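> take this sequence and fold it.
(one chain, ligands or ions: 1)
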Amino acid sequence: MNDHYPFFNTPLPYTYDALEPFIDEKTMRLHHDRHLQTYIDNLNQFLEANPSLQNYSLTELLVSQDRLPCQLRTPLLNNAGGVFNHRFFFEGMTKAGTRGQAPALYRQIARQFGSMEHFKSCFKEAALSVFGSGYAWLVWEKGGLCITTSANQDTPNLRCCLPLLAIDVWEHAYYLKHYNMRASYIDDWFRVVNWSCAEARFLRCGII
Ligand SMILES: [Fe+2]
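Numbering: from 1, shown residues only. Just a heads-up that it's a prediction; the model follows:
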């Protein structure tokens, strides 16, 4: 993983058309090659102008923002967040029908939400509640699963939570296929969630 300056746009872990018919190829090409690329280019320009930050990893940049001069925080949050969030979102999807299993995470979801169906309903409600652009997240925080949202390219507080899943609900993520129907896009996104990836993230932090 390319985790330090200079950043480059690592390829998707699947082909551009792998998420068809739920998320279309053209959206994935534009989303990865144009939108994410722009955040990477902007982040590299920001770090080029601030060499004292060039040794920080992407995550370290995001958790160090409070130590930065205030005039640097917004561009850092926008661009480092844009890279982190998009990479996390793209990695969390996979070709429909190959999404794998997440037995430990499923058990935790059932424990806290009662059923997968209820969890999906809660997550969808959160994703629909994002006003304008942002993300809905499933994170591990304070000993339990938590559904949260973030605006624009903000990330959840990585100092106190571990993200497990995220959906990008910026209109660029779905407008070509789903037009303004975010609910339809969320339903389709659930069809391509990479549950094996979410399980690995869940297990990696030693929760179980
Ligand atoms: Fe996006």
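> can you tell me how far residue 74 sits from residue 42?
Remark: distance between residue 74 and residue 42 (CB to CB, to the nearest Å) = 12 Å. Backbone N, C-alpha and C define where each C-beta goes, glycine included.
> show me which of the two is the more surrounded one.
Per other CB atoms under 10 Å, whichever of residue 74 and residue 42 has more neighbours is residue 42, with 16 against 11.
> shouldn't the more buried one be in contact with residue 77?
No. Between residue 42 and residue 77 no contact is recorded; they are 11.8 Å apart, counting by CB atoms under 8 Å.
> which of the three states applies to the residue sitting nearest the centre point of the chain?
The chain has residue 89 as the residue nearest its centroid, 3.3 Å off, counting by CA atoms, centre = their mean. Remark: residue 89 carries the secondary structure label helix [criterion: DSSP: H, G, I helix; E, B strand; the rest coil].
> same question, residue 111
Residue 111 falls in the helix class when you classify it by three-state DSSP.
> where's residue 147, which helix or strand?
strand 144-151 (DSSP states H and E).
> and the next helix or strand past that strand?
Downstream of strand 144-151, the next assigned helix or strand under DSSP H and E is strand 161-168.
> quick one: the helices in this structure?
Along the chain, the segments classed as helices by DSSP state H run 25-29, 37-49, 58-63, 70-91, 103-113, 116-129, 175-178, 182-190, 195-204.
> out of these, which is closest to the ion?
With CB to the ion as the measure, helix 70-91 is the member of the helices of the chain nearest the ion (5.5 Å).
> please name every helix or strand in contact with the closest one.
Counting by 3 or more CB pairs under 8 Å, 6 or more residues apart in numbering; DSSP states H and E, the packing neighbours recorded for helix 70-91 are helix 37-49, helix 58-63, strand 161-168.
> need the winner for burial among those.
Burial of these is given as mean neighbour count (mean count of other CB atoms under 10 Å); strand 161-168 ranks first at a mean of 23.
> and it with helix 103-113, angle?
Compare the direction of strand 161-168 with that of helix 103-113 by axes from the mean of the first three to the mean of the last three CA atoms, to 10 degrees and you get 90 degrees.
> partners of strand 161-168, with directions?
Paired neighbours of strand 161-168 in the sheet (DSSP bridges): strand 134-141 (antiparallel).
> please report the distance of residue 183 from residue 153.
23 Å.
> so for the two, which sits in the more crowded spot?
Counting neighbours by other CB under 10 Å for residue 183 and for residue 153 shows that residue 153 has the greater number, 21 against 13.
> that one touches residue 87, doesn't it?
No. Taking CB under 8 Å as the definition, residue 153 is not a contact partner of residue 87, at 11.9 Å.
> outline the domain layout of this protein.
For the chain, automatic domain parsing gives the domain ranges 25-91, 103-204.
> quick one: distance of the last one to the chain centre.
When distances are taken as CA atoms, centre = their mean, to the nearest Å, domain 103-204 is centred 8 Å away from the chain's centroid.
> kindly report the same for the first one.
With CA atoms, centre = their mean as the basis, the distance from the averaged C-alpha position of domain 25-91 to the chain average is 13 Å.
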